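S.K.: Pasted the sequence and its predicted model underneath.
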2 protein chains.
Amino acid sequence: MLTSPPHTRPGCARSVCEHTPAVTRHSRTRLRNLCGYPKRVTFPVVGMVGGGQLARMTHEAGIPLGIQFKLLSDTPQDSAAQVVSEVVLGDYRDLDTLRDFARGCDVITFDHEHVPAEHLATLEADGVVVRPGRAALAHAQDKGVMRAKLDEIGAPSPRHRIVADPADAVAFAAEGAGEGGGDGFPIILKTVRGGYDGKGVWFVRSEEDAHDAFKAGVAVLAEEKVDFARELAANIVRSPHGQAVAYPVVESRQVDGVCDTVIAPAPELSDELAGQAQELALRIAKELDVVGHLAVELFETRDGRILVNELAMRPHNSGHWTQDGAITSQFANHVRAVLDLPLGDPRPRAKWTVMCNVLGGDYPDMYQGYLHCMARDPQLKIHMYGKDVKPGRKVGHVNTYGDDLDEVLERARHAADYLRGTIVE
Amino acid sequence: MLTSPPHTRPGCARSVCEHTPAVTRHSRTRLRNLCGYPKRVTFPVVGMVGGGQLARMTHEAGIPLGIQFKLLSDTPQDSAAQVVSEVVLGDYRDLDTLRDFARGCDVITFDHEHVPAEHLATLEADGVVVRPGRAALAHAQDKGVMRAKLDEIGAPSPRHRIVADPADAVAFAAEGAGEGGGDGFPIILKTVRGGYDGKGVWFVRSEEDAHDAFKAGVAVLAEEKVDFARELAANIVRSPHGQAVAYPVVESRQVDGVCDTVIAPAPELSDELAGQAQELALRIAKELDVVGHLAVELFETRDGRILVNELAMRPHNSGHWTQDGAITSQFANHVRAVLDLPLGDPRPRAKWTVMCNVLGGDYPDMYQGYLHCMARDPQLKIHMYGKDVKPGRKVGHVNTYGDDLDEVLERARHAADYLRGTIVE
């Protein structure tokens, strides 16, 4: 009953199933006419922990499915709390809050990876359906656990190890100095927990640079500074019964450690490397038993290899282009996956789709920019998050699509810069 | 600054502007840096009167724009009330309720045409921005007013007049008997107010048949029974500053007076007739000063003419295909229009898009059908309204798109029938 892959060419969007699906013709005819009218349709309740823009856009994608969406949010001003009907205000770090919230939900999923692992374990012991589950999320919550698992399954990572102190970081650098000698710097240091968007990550050129990383009292992972040609992301969605869909591999351009532009598909990426990246993401999802959207952020090295940079087990910035550029968005497929519904087609609807993040800038009232941006480009797709503008904060994104990459890039860039206030015409 | 029409071929989607737009480069640079951080972005509040599926889908379309959406709904179980954050429960027939609701909104718009005209007049006198306005809505609220206005502007209608009683209906029929003689039946009778989806409409073959129409105590409009080849809809969106966009003309297939299937664009419609239909809809919108989405339901006669059947001044069932089949959906453009923002591109994204309504049937639990429908067709777009299933009630719709019309039609038909329970495989 499950669909055959819409594309089988390596590097294209694809749909796969790991095993014979448990989906058979179901005997709903027997149930007919047993119920009176009117009857409320028994659609499931999806509980989303965290009220950020990912929750907001997941709610938007869930509306057409008729599911009930329940939100656990810190404040009523949170991005998703502004648009969701059923909002529970509370702290996701508090177990009782989580348990109360879970009671009314058929499945729990996440806007972020910060729910304490011990709470996830308790919820699962309570019988709550948590997707992705605690065991999978452990790899997204702790970069040390993630690297160890990737090594175990033979997934390519940058050279890395946990380092104990600045002197150990110097030793780690020296281990990579190679035959040419030198000190092996620069290297990257990351706290294993709590980092995002460039926070918790240090570019380290000397022992002195290394001190900051150890101040948080969290274990520190050292990684080689990869000489990458560019960054890619291989995004897939996997369901509990083992169906998975792979989106086209995208190029992700970062500015100051924050995602700035995503191009789908990644320009001039060979079918071979694209296929490798998708296979890698599908394998990671299976080995780690990920359910829902998995973003595998990758380095493409100058010598034509791919290395895993980060994992995210939720809808991801590198997949925002799918809202307007794919047949099924990452948000819709995430909802379908956590409900164990058959997944939607991940293929692109346009030759090129470009996403540019809209960051907070000097100009706080972005709505005023709508007049110009919408008049200039009637095809522009704007996605704002309802967040307060703070300099550098992600407050929205724009998507553009079309046949000419330069033009599609220019349109997205212009709109993002205009909304931010970087340009005025 | 406004866009030039994306297509100018008659019958294609198009964008026009009635006069030189008042949109000029605005001097927002002067406003820079006058405000502290963080600052909430001053996005407008759109107030929607009525909690049906049109409000639900308008909210969905408004989320990416970051606007605030406020709903006046009868009950918390209403389709839109289930998914909107800010819901006011109250009766739209009560003036005080409307006034209280309007106080927190920058603009008021509608899920239906049933708000009493005198209340709309009061709101406008209060200074509330009502879009579409009372004067325009009068034509959608009263079929007698609508026909009189269409006659005045020379828009083609079926032969019609207000009839006083069953005997007068007989006289009306005889007036159309023509040279061939006979009694001129069948004719159509409609109450001028309160009808929708085939309700308030009678197919009348004799004087005896005519009695029911007069029972409501509402004025009755008689219309010739048009010998139509098919029904079309010309949908446009118009903004207060006079910009308008026209969607491709669609074919609308009715079953028992209820919209069943919409095909975009209408197959084998000549460019000339499509162009005429769009020009007619644009002219009606301008002459009646419609703001927002206007659906002009049309008869295409067997001798190649178009006649106006009905007008709807809100997002409309014949425009649901635009959610997945057009660059900008009718819902997004309705929001943009009522906020006087530049309108989005109405062009189609696929060669063919088909919408089929999902009606309530024997089987109350439509969610169970998801497994089959999603597995069978990973490209299927489902839109459910969260409504109780009652036989014949519109509870959702599906959209499909592609290059082969027969296949696209079959996919939509299958999914709608399966969800309803008419078929089981």
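M.R.: Nice, I can see it.
S.K.: A:P166 contacts A:S206, correct?
M.R.: No. Contact criterion C-beta atoms under 8 Å: A:P166 and A:S206 do not qualify, at 9.2 Å. For every residue, glycine as well, the C-beta is placed using N, CA and C.
S.K.: So for the two, which residue has more residues nearby?
M.R.: A:P166 (20 against 13; other C-beta atoms under 10 Å in any protein chain shown).
S.K.: where's that one relative to chain B, distance?
M.R.: Remark: distance between A:P166 and chain B (C-beta to the nearest C-beta, to the nearest Å) = 35 Å.
S.K.: quick one: contacts for that residue?
M.R.: Counting by C-beta atoms under 8 Å, 6 or more residues apart in numbering or on different chains, A:P166 makes contact with A:E207, A:E208, A:A210, A:H211, A:F214.
S.K.: helices and strands around the host helix or strand of A:L123, which ones?
M.R.: According to DSSP states H and E, A:L123 maps onto helix A:117-126. With contacts taken as 3 or more C-beta pairs under 8 Å, 6 or more residues apart in numbering or on different chains; DSSP states H and E, helix A:117-126 sits against helix A:95-103, helix A:134-141.
S.K.: Pull the number of nearby residues for A:G181.
M.R.: Applying other C-beta under 10 Å, we find 8 residues neighbouring A:G181.
S.K.: Now do the SS call for it.
M.R.: coil (DSSP: H, G, I helix; E, B strand; the rest coil).
S.K.: and it, what pLDDT?
M.R.: In this model, A:G181 is scored at 71, pLDDT.
S.K.: Now do the residue nearest the centre of chain A, the pLDDT please.
M.R.: Centroid-nearest residue in chain A: A:H316, 2.2 Å away (criterion: C-alpha atoms, centre = their mean). Per-residue pLDDT puts A:H316 at 98.
S.K.: Skipping adjacent residues, who's closest to it in space?
M.R.: Spatial nearest neighbour of A:H316, chain neighbours left out: A:A295 (3.5 Å); criterion: C-beta to C-beta, 6 or more residues apart in numbering or on different chains.
S.K.: Quick check: can you name the pairing partners of the helix or strand in which that neighbour is found and their directions?
M.R.: Taking DSSP H and E as the criterion, A:A295 maps to strand A:292-301. The strands beside strand A:292-301 in its sheet (DSSP bridges) come out as strand A:228-238 (antiparallel), strand A:306-312 (antiparallel).
S.K.: on that earlier part again, surely the residue nearest to the centre of chain A and A:A233 touch.
M.R.: Yes. If you go by C-beta under 8 Å, A:H316 and A:A233 touch, sitting 7.2 Å apart.
S.K.: what number of residues lie near the residue in the stretch 251-400 of chain A positioned nearest to chain B?
M.R.: Closest to chain B within the stretch 251-400 of chain A is A:M384: 3.0 Å, counting by C-beta to the nearest C-beta. A:M384 has 24 neighbours, counted by other C-beta under 10 Å.
S.K.: From B:E268, how far off is it?
M.R.: In this view, A:M384 and B:E268 are 41 Å apart by C-beta to C-beta, to the nearest Å.
S.K.: before we move on, the earlier item: mind listing which of the contacts of A:P166 are in strands?
M.R.: Using DSSP state E, no member of these sits in strands.
S.K.: Farthest-apart pair in these, please.
M.R.: Between any two of those, the greatest separation by C-beta to C-beta is 12.3 Å, found for A:E208 and A:F214.
S.K.: Looking at the two, which has the bigger crowd around it?
M.R.: Using other C-beta under 10 Å as the criterion, A:E208 and A:F214 rank with A:F214 on top: 19 against 9.
S.K.: thinking again about what came up before, and among the strands paired with strand A:292-301, the most buried is which?
M.R.: Counting by mean count of other C-beta atoms under 10 Å in any protein chain shown, strand A:228-238 has the highest mean neighbour count of those, with a mean of 25.
S.K.: Next secondary structure after it?
M.R.: Counting by DSSP H and E, the next helix or strand C-terminal to strand A:228-238 is strand A:243-246.
S.K.: Is the residue nearest to A:H316 bridged to anything, and to what?
M.R.: Counting by DSSP bridges, the residues bridging with A:A295 are A:N235, A:A312.
S.K.: That one reaches A:N309, doesn't it?
M.R.: No. In this structure A:A295 lies outside contact range of A:N309 using C-beta under 8 Å: 10.3 Å.
S.K.: Buried residues of stretch A:187-194, list them for me.
M.R.: For stretch A:187-194, a neighbour-count test (16 or more other C-beta atoms under 10 Å in any protein chain shown) marks A:I187, A:I188, A:L189, A:K190, A:T191, A:V192, A:R193 as buried.
S.K.: what about the helices in the stretch 51-200 of chain A?
M.R.: Secondary structure of the stretch 51-200 of chain A (DSSP state H, counting those that start in this stretch): helices located at A:53-62, A:95-103, A:117-126, A:134-141, A:143-152, A:166-175.
S.K.: what sits against the nearest residue to A:V16 once chain neighbours are set aside?
M.R.: Counting by C-beta to C-beta, 6+ apart, A:V16 lies nearest to A:A244, which is 5.3 Å off, once chain neighbours are set aside. Shown in contact with A:A244 (C-beta under 8 Å, 6+ apart): A:S15, A:V16, A:C17, A:E18, A:I236, A:V237, A:R238, A:L282, A:A285, A:K286, A:L343.
S.K.: do the same with A:A332
M.R.: Taking C-beta under 8 Å, 6+ apart, we find A:A332 in contact with A:A61, A:G62, A:P64, A:L65, A:G344.
S.K.: Could I get the average pLDDT for the helix or strand where it lies?
M.R.: Element membership of A:A332, judged by DSSP H and E, is helix A:330-338. Throughout helix A:330-338, pLDDT has a mean value of 98.
S.K.: do the same with stretch A:270-282
M.R.: Stretch A:270-282 comes out at a mean pLDDT of 98.
S.K.: Give me the distance from that stretch to the chain's centre.
M.R.: Remark: stretch A:270-282 is offset 18 Å from the chain centroid, using C-alpha atoms, centre = their mean, to the nearest Å.
S.K.: Show me which residues of the stretch 201-350 of chain A are close to chain B?
M.R.: For the stretch 201-350 of chain A, the contact set with chain B under C-beta under 8 Å from any C-beta of the partner chain comprises A:Q323, A:I327, A:T328, A:R336, A:L341, A:P342, A:L343, A:G344, A:D345, A:R349.
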